[in-house]
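>>> Based on what follows, work out the 3D shape:
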Amino acid sequence: YYLLGASDPEYRNTGGSSLLLDEAIAYAIGRGKAFNFEGSMDQGIESFFRSFGSEQMPLMKLSLNRSLAMRLYDLIKR
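The predicted structure is shown next:
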């Protein structure tokens with residue numbers, strides 16, 4: 001998993017982040033594992049991840065809709 005990334009603005013154009021990420025991907029693949037970028041909503045980061053050949057995978061978002069009937073049931077249940 002790619003959980004955290006950072007860079008120093010002074011050295012951002014050296015390619016160090018790309019090299020490190022490329023090595024991490026090779027390490028995972030060399031051990032028969034998948035590499036998960038964990039995605040990003042930022043277009044710049046997303047395009048950087050895609051430059052490594054990653055595929056965008058949509059995730060489901062679940063939310064709880066507390067209807068009036070469910071709230072009344074909760075009140076009665078107490």
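
>>> State the three-state secondary structure for the most centrally placed residue in the chain.
The centroid of the chain falls nearest to residue 38 when counting by CA atoms, centre = their mean (1.9 Å). Secondary structure, DSSP: H, G, I helix; E, B strand; the rest coil: residue 38 is coil.

>>> any residues touching the element among helices and strands of the chain having the smallest mean pLDDT, and which ones?
Every helix and strand in the chain was compared by mean pLDDT, DSSP states H and E; the lowest is helix 43-50, with a mean of 83. Identification of contacts with helix 43-50 by CB atoms under 8 Å, 6 or more residues apart in numbering yields 37, 39-40, 56. For every residue, glycine as well, the C-beta is placed using N, CA and C.

>>> which residues touch the lengthiest helix in the chain?
When the chain is parsed with DSSP state H, its longest helix is helix 16-30. By CB under 8 Å, 6+ apart, the surrounding residues in contact with helix 16-30 are 2, 5, 7, 34-35, 51-52.
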